[in-house]
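Peer 1: Predicted model follows, preceded by the sequence.
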2 protein chains.
Amino acid sequence: MAELALISALERSLRVRGERVLRALGDDAAVVRARPVAVTSLDTVVEGVHFRLETHTPADVGHKALAAALSDLAAMGAEAGEAYLGLVIPATLTEDDALALMEAAEALAERTGTTIAGGDVAGGPALVVSVAVTGWAESPDRVVMRDGADPGDLLGVTGELGGSGAGLALLDGVEVAGLDAGTREALVRRHRRPQPRLAAGRALAVAGATAMIDLSDGIATDARHLAERSGVSVGLELDRIPLAAGVEAVAAADGQDPQALAATAGEDFELLLCAPPHHRGRLERAADAVDCPLTWIGEIVSGEGLELRDRTGAPTGLTGFEHGTG
Amino acid sequence: MAELALISALERSLRVRGERVLRALGDDAAVVRARPVAVTSLDTVVEGVHFRLETHTPADVGHKALAAALSDLAAMGAEAGEAYLGLVIPATLTEDDALALMEAAEALAERTGTTIAGGDVAGGPALVVSVAVTGWAESPDRVVMRDGADPGDLLGVTGELGGSGAGLALLDGVEVAGLDAGTREALVRRHRRPQPRLAAGRALAVAGATAMIDLSDGIATDARHLAERSGVSVGLELDRIPLAAGVEAVAAADGQDPQALAATAGEDFELLLCAPPHHRGRLERAADAVDCPLTWIGEIVSGEGLELRDRTGAPTGLTGFEHGTG
């Protein structure tokens, strides 16, 4: 593959958005007029580790790599700014594959107001996509970190969980009798094309969320991260986790508990957040204003770690699941 | 390898520098108080493509990956700020190897005032290091791009060229009778441990450089990039290229022309710059103030592309070398 020709073709698929990007592509580095606070994350996905090309098209990979990085910005309440894509393209992929990957990333960039402002391309033994994203905020106190949860805070989650894990199970060949085609397609799409909750993240940050994290590893793992960083205990009622349509059927067919699937499979890229009870109404209205479901699933208490509770609120005795990302 | 344990170990090797980094590591994203202009680049290096572990230790790879990215900031005249490292670690590397890689990057970060503020770690089939770096400038007109060269400008280069290519030739087994051990070591080190010209880049930007690019692919290729972006012709006198000590001996032993080696082997990470003749003295003093050699090697003329000239200033008829990075 002619690297410079491919880079030119990739660059032609990209557009600069907004007035802040003074130079994107074609120079040693991109140049961007900054806002007061930069919020930056780098995510790397590797063929055979994070995805397989048997179940993901190059376009799926391009979308998902950027979505995962943007989800980190969502969890900070930051506004998406620029993305930088580093591609390692194996010889088994064609130039069209590489273009499809970039075009899918560019389509997500367009929908989220992001400019893909740079990156590079190299050959290598497997498809690897590194995405650095920079988001912006007007002041440090508008940024929500993982460590701000206090005892007494409510624990909430956006959207519905388990859809990505159920979609992966379907891609892995789990047979579910009677699952309608629309539900199946929605679950698979949920796994391949997750949508970062950027608008909800900003709205919840403004409305008073004290701590936030995106659900990439699964709520059981990510809630523990939040608990550890905040120095508190997260009490999470498993039965209150909102399940995506079809998760129960897929879990049953796969011999799994649906709540366990939803809590551990990961890659839903929803937001887990904490807020004091007196902000509950504000947060619900903020989520509603951006058409984002918000469900209260527990509370923050003194102590440390994660406590999973049953539907009566009593501790299950479990302290969480093992990390189980698909 | 236990990913979370490794991440913890890697994080312990890192330090935050300065007051601007409000949150590094351990959250969804890093949070940094911005300066007016952000300058960002992402570079990816791949085992077997950009380096081999037979000739580079993991520490060399960590150093060089960060150095290459910082060199892009140097070429913009930006001040180094934060770096984000995405590591793909094959099973053949140990946790100590990964730590040595990160510690070498951290040592370079310390010397350059950079904070390694984030990143991630994954498994994979080969060692891949993606480095995103953000540098900062006080205003857009303090940033030097590739497209500002005008006819009549002088063409200058920092430091000495060919050292990295000669070092690679030595690592590849070229035997050079009579090459003293100190020179040999310096050439090999030049290849494995390049130093980004951050101080020189800033000083030259302030002193009036109109265009700048770092020499990663080799001056023959990089000068053509600058010419294309500026819409001018670069007239470069091959015999005026300053050669690193030992390059002539290595080139002779390898059957190469030393100027051709210096112009094409790449990875010297020196800066190529343009400036109007009336700023010549200012630029020389600026380079001298940061102990950086500066050599004038040609001029910008109307036209397009790259013209390589012999010692009389007459065109050689050559229009450049093929891309030849080692």
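Peer 2: Received it, and whenever you're ready, just let me know what you need. From a predicted model like this one, the values you see are computed outputs, not experimental measurements.

Peer 1: Now do the nearest residue to residue A:294 once chain neighbours are set aside: how many residues are near it, please.
Peer 2: Distance criterion C-beta to C-beta, 6 or more residues apart in numbering or on different chains; nearest residue to residue A:294, sequence neighbours excluded, is residue A:287 at 3.8 Å. Backbone N, C-alpha and C define where each C-beta goes, glycine included. Residues near residue A:287, counting by other C-beta atoms under 10 Å in any protein chain shown, number 24.

Peer 1: separation between residue A:287 and residue A:48?
Peer 2: 37 Å (C-beta to C-beta, to the nearest Å).

Peer 1: what's the answer for residue A:71, then?
Peer 2: Distance from residue A:71 to residue A:48, by C-beta to C-beta: 22 Å.

Peer 1: between those two, which one's more packed in?
Peer 2: Using other C-beta under 10 Å, the more surrounded residue of residue A:71 and residue A:48 is residue A:71, with 28 against 14.

Peer 1: Other residues contacting whichever strand or helix holds residue A:98?
Peer 2: Assessed by DSSP states H and E, residue A:98 sits inside helix A:95-112. Residues outside helix A:95-112 that contact it (C-beta atoms under 8 Å, 6 or more residues apart in numbering or on different chains) are A:1, A:5-6, A:9-10, A:13-15, A:17, A:57-63, A:65-67, A:70, A:80, A:83, A:85, A:87, A:89, A:114-116, A:121, A:129, A:131, A:196, A:198.

Peer 1: As a check, name the ranges of all helices in the stretch 201-326 of chain A.
Peer 2: Using DSSP state H, counting those that start in this stretch, the helices of the stretch 201-326 of chain A run over A:219-230, A:247-253, A:258-264, A:280-289.

Peer 1: related to what we said a few turns ago, the contacts of helix A:95-112: which ones sit near chain B?
Peer 2: With C-beta under 8 Å from any C-beta of the partner chain as the criterion, those include A:85, A:87 near chain B.

Peer 1: The contacts of helix A:95-112 in strands, which ones?
Peer 2: Mapping those onto strands (DSSP state E) picks out A:80, A:83, A:85, A:87, A:89, A:115, A:116, A:121, A:129, A:131.

Peer 1: Put together a markdown table for these, with neighbour count and pLDDT on each row.
Peer 2: Converted to a markdown table, these look like this (neighbours: other C-beta atoms under 10 Å in any protein chain shown; pLDDT from 0 to 100):
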| residue | neighbour count | pLDDT |
| --- | --- | --- |
| A:80 | 26 | 97 |
| A:83 | 28 | 97 |
| A:85 | 29 | 96 |
| A:87 | 29 | 96 |
| A:89 | 23 | 96 |
| A:115 | 25 | 96 |
| A:116 | 29 | 95 |
| A:121 | 18 | 93 |
| A:129 | 31 | 98 |
| A:131 | 30 | 98 |
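
Peer 1: Of the residues you listed, which pair is most distant in space?
Peer 2: With distances taken as C-beta to C-beta, the most widely separated pair in the ones in strands among the contacts of helix A:95-112 is A:80 and A:89, at 25.1 Å.

Peer 1: Relative to residue B:22, how far out is residue A:208?
Peer 2: Distance, residue A:208 to residue B:22, using C-beta to C-beta: 20 Å.
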